[in-house]
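> Here is a sequence with its predicted model. Questions after.
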Amino acid sequence: MEQEFLLRFLEIGVIDLKGDDTKLDKLRSTAKGLSATLRKVPSKTASFTMVAADPNIPATDQTVEEAMTCLRMQWETVANAFAGRPVGILRAILLDAIVQAARSDDAIAVAFVNTARNALVHAETSDETEIWREAVSEIETKVDARAEEEWATPEMITVEPLQYKPPAPVATDYKAPTVDLSELRAKVNSATGPWGTNEPKNAHYPHNNPEVWGKEFASKMSAVIAETLDEMAEELAPAPVDLSGPLSNLSKAITVHVDKALSSFSGATAGLQRRTNLLWWKEALYSPSAHASYLDLPPFEASALMALDLHEQVPTYSPASVSAFLREAIRCLPTYKDDLGGCECKFSSLLRDARTTVFMQPFRTLAARYVTAPVGRGPLLSLIGYPGDSSEIDATTLRVLVGVDASTNMTPSEWGTYLFRELQSARAVNENSTKRVKKN
C-alpha cells in the first residue's frame, strides 16, 4: 500500500487535529486537489517542492497562499481553527500532493527529486528528515526505473521475423497441345509420292530414282515435322508474368525489417554508447559547447559549464547517479587536485556572476526558455534567466525567492551539481507542459 505522507506529519506532531478524522479528510481532499492542479501545471513542481521543504517559508508566499485557498474550499472555518496561517500543515499537504502527482507522472517525479535534493541541503528540516528521505527515496526509485529503459544495455537483441506475405498464385487455364494425326498423316503421305491432296508432294517414285526420291522425301518430311513442332512450341509458350509488384513489396518488407533491426540494435546500445561518451567527456575534460578545456577555465566557471554540457548530453530521465558522476567530474579540476578541500565561494557571488558574466550567457538563454520570471519561492534558474538590470539581489530577497542564504559557501562541485539538478528539473516539466499543449 502506498504511504500517505500526511499521516507521517501527523505522527511527528507537525499536524495536530485533536483526533478529529473529519478534519483529516479535509486535508486529504486538499492534497488531492493540489495534486490534480500540479498534474495540469507541472511547472509548479519546483515551487511546490521548495515551499514544502522549508519550515521558514514566509506565510505570504504565493504557493502558501494557493495551498491555503485550496484548503479553504474544503474547510471553510479553517481560519478559526488556528491562531495564524497553518504553514506547517500546508507544507505537509503540499508534500503529500507532490508525491501523489509524482507517482502518476514521470516528469513531475524528475522535477521533484532534483528540486528536493537541492532544497533539503539548505532547509532546516531535522524533525522531518526521515519523512523527506522516504518521499525522495520512493520517487527516486521510480525515476531510476524509468531511466533504466533509456540507459540499459540488454544482453540479447530480439528482432521480429520478416513480415512478408507472398502474392497468391495466379490460376491459368492450361490445355496441353495435341497433334492432329489425320492432318499429319496426309502430309506424310504427300511427302512419299505425287499422290495425296496436301502439300508437299514428292514428284519422284522410289523405284525409278530412289536416291533423288529419298532426298526429296527427307526435305519434305523435315518441313512437315518442323512445322508440327513449331506449332506445338507456340502453344507451349508461357504467358508473360509481371513481377514488378511482388518484387517491390518484397523490397519494402525487407527495408522495414532491416530498419527495425537497426533500430533495435541502436536502442539496445544507446545506454552503452551514452556511458562511453560520458566517460570520454570526464577524462578529456573538454567542453563540446565552448570548444575549450575545463582545465583552462576558472573553477566555478568550469563547473557551471560542465553542468550545462552534461545536461545537453543526457536525457531527462536519468538515474540519480548522474549527479554524483558530475560531482566527481568537477573534482577532477585542478582546484581539487591542488587543495584537498577545493575553493569555496559565496552563493550571492555565484548568482551575481551567473546573471552578469559573458560565459554564462548560454546558461541564461536556456534558463529563460525553461522557466518564467521569479514570483515567490521558485528555482534559481528564474533569477539567472531573467537578470533584469543585473543588480545584486539583497540577502533577504534571495532567501525568500530561492531559499538559500546569501552567505552560504559552495564548492565548484556543489555549485555545478545544484545547477545541473535545476536544469534537469526544469526540462522535465517544460517538456511535459509542451506535450500537453500540443495534445489540446
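Alright, I've got the coordinates.
> quick one, helices of the stretch 301-440 of the chain?
321-330, 334-338, 347-356, 361-370, 380-385, 395-402, 412-439 (DSSP state H, counting those that start in this stretch).
> do the same with the stretch 1-150 of the chain
5-11, 21-40, 45-53, 62-74, 78-81, 87-104, 106-121, 129-151.
> and the fourth one, what other elements does it pack with?
So the one you mean is helix 62-74. helix 21-40, helix 45-53, helix 78-81, helix 87-104 (3 or more CB pairs under 8 Å, 6 or more residues apart in numbering; DSSP states H and E). Using the backbone N, CA and C atoms, a C-beta is placed for each residue, glycine as well.
> before we move on, back to that, JSON lines for the helices of the stretch 301-440 of the chain, including distance to Leu295, mean pLDDT and mean neighbour count?
Formatted as JSON lines, the helices of the stretch 301-440 of the chain follow (distance: least, CB to CB, whole Å; pLDDT from 0 to 100; neighbours: other CB atoms under 10 Å):
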{"stretch": "helix 321-330", "distance to Leu295": "12", "mean pLDDT": "94", "mean neighbour count": "19"}
{"stretch": "helix 334-338", "distance to Leu295": "6", "mean pLDDT": "66", "mean neighbour count": "14"}
{"stretch": "helix 347-356", "distance to Leu295": "19", "mean pLDDT": "93", "mean neighbour count": "19"}
{"stretch": "helix 361-370", "distance to Leu295": "20", "mean pLDDT": "93", "mean neighbour count": "17"}
{"stretch": "helix 380-385", "distance to Leu295": "25", "mean pLDDT": "94", "mean neighbour count": "24"}
{"stretch": "helix 395-402", "distance to Leu295": "30", "mean pLDDT": "93", "mean neighbour count": "17"}
{"stretch": "helix 412-439", "distance to Leu295": "13", "mean pLDDT": "82", "mean neighbour count": "21"}
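> I figured Ala354 was touching Ser303, is that so?
No. Counting by CB atoms under 8 Å, Ala354 sits too far from Ser303 to count as a contact (11.3 Å).
> Which residue is the nearest non-sequential neighbour of Asp106?
Arg146 (5.1 Å; CB to CB, 6 or more residues apart in numbering).
> contacting residues around that neighbour?
Asp106, Ala109, Tyr317 (CB atoms under 8 Å, 6 or more residues apart in numbering).
> Please name the spatially closest residue to the second one (chain neighbours excluded).
Taking CB to CB, 6+ apart as the measure, Ala109 lies nearest to Ala102, with 4.0 Å between them; neighbours along the chain are not counted.
> what's the distance between that neighbour and Ala123?
19 Å (CB to CB, to the nearest Å).
> Val99 contacts Ile139, correct?
Yes. Using CB under 8 Å, Val99 is in contact with Ile139, at 6.6 Å.
> any shared contact partners between the two?
Any residue near both Val99 and Ile139 by CB under 8 Å, 6+ apart counts here, and that gives Phe112.
> Could you check how many residues crowd around the closest residue to Pro315 other than its chain neighbours?
Of all residues not flanking Pro315 in the chain, Glu150 sits nearest, at 5.3 Å (CB to CB, 6+ apart). Residues near Glu150, counting by other CB atoms under 10 Å, number 16.
> Contacts only, for Glu150.
Residues near Glu150 by CB under 8 Å, 6+ apart: Ala270, Gly271, Pro315, Tyr317, Ser318.
> Please pick the buried ones from these.
Taking 16 or more other CB atoms under 10 Å as the criterion, what is buried in the contacts of Glu150 is Gly271, Tyr317, Ser318.
> Return the list of helices and strands in contact with the strand or helix carrying the first one.
Just to be clear, that refers to Gly271. Under the criterion of DSSP states H and E, Gly271 resides in helix 244-284. Helices and strands touching helix 244-284, as assessed by 3+ CB pairs under 8 Å, 6+ apart, comprise helix 129-151, helix 299-313, helix 321-330.
> which of the ones you listed sits most buried?
helix 299-313 (a mean of 23; mean count of other CB atoms under 10 Å).
> tell me what it is packed against?
Counting by 3+ CB pairs under 8 Å, 6+ apart, helix 299-313 packs on helix 244-284, strand 286-287, helix 321-330, helix 347-356, helix 361-370, helix 412-439.
> Go again with 6 Å.
helix 321-330, helix 412-439 (3 or more CB pairs under 6 Å, 6 or more residues apart in numbering; DSSP states H and E).
> want to throw the ones you listed into CSV with distance to Gln74?
Output for the helices and strands packed on helix 299-313, formatted as CSV (distance: least, CB to CB, whole Å):
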stretch, distance to Gln74
helix 321-330, 37
helix 412-439, 26
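> Tell me which of those sits nearest to Ala368.
Of all the helices and strands packed on helix 299-313, helix 412-439 sits nearest to Ala368, with 10.6 Å by CB to CB.
> between the closest one and helix 129-151, how big is the angle?
70 degrees (axes from the mean of the first three to the mean of the last three CA atoms, to 10 degrees).
> Let me know the angle separating helix 412-439 from helix 347-356.
Using the same axes, to 10 degrees: helix 412-439 against helix 347-356 is 50 degrees.
> quick one: helix 412-439 to chain centroid distance?
Here helix 412-439 is found 14 Å from its chain centre; the criterion is CA atoms, centre = their mean, to the nearest Å.
> who does that helix touch, helix- and strand-wise?
helix 106-121, helix 299-313, helix 321-330, helix 380-385.
> okay, these in TSV with distance to Glu216 next?
Formatted as TSV, the helices and strands packed on helix 412-439 follow (distance: least, CB to CB, whole Å):
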stretch	distance to Glu216
helix 106-121	98
helix 299-313	96
helix 321-330	101
helix 380-385	110
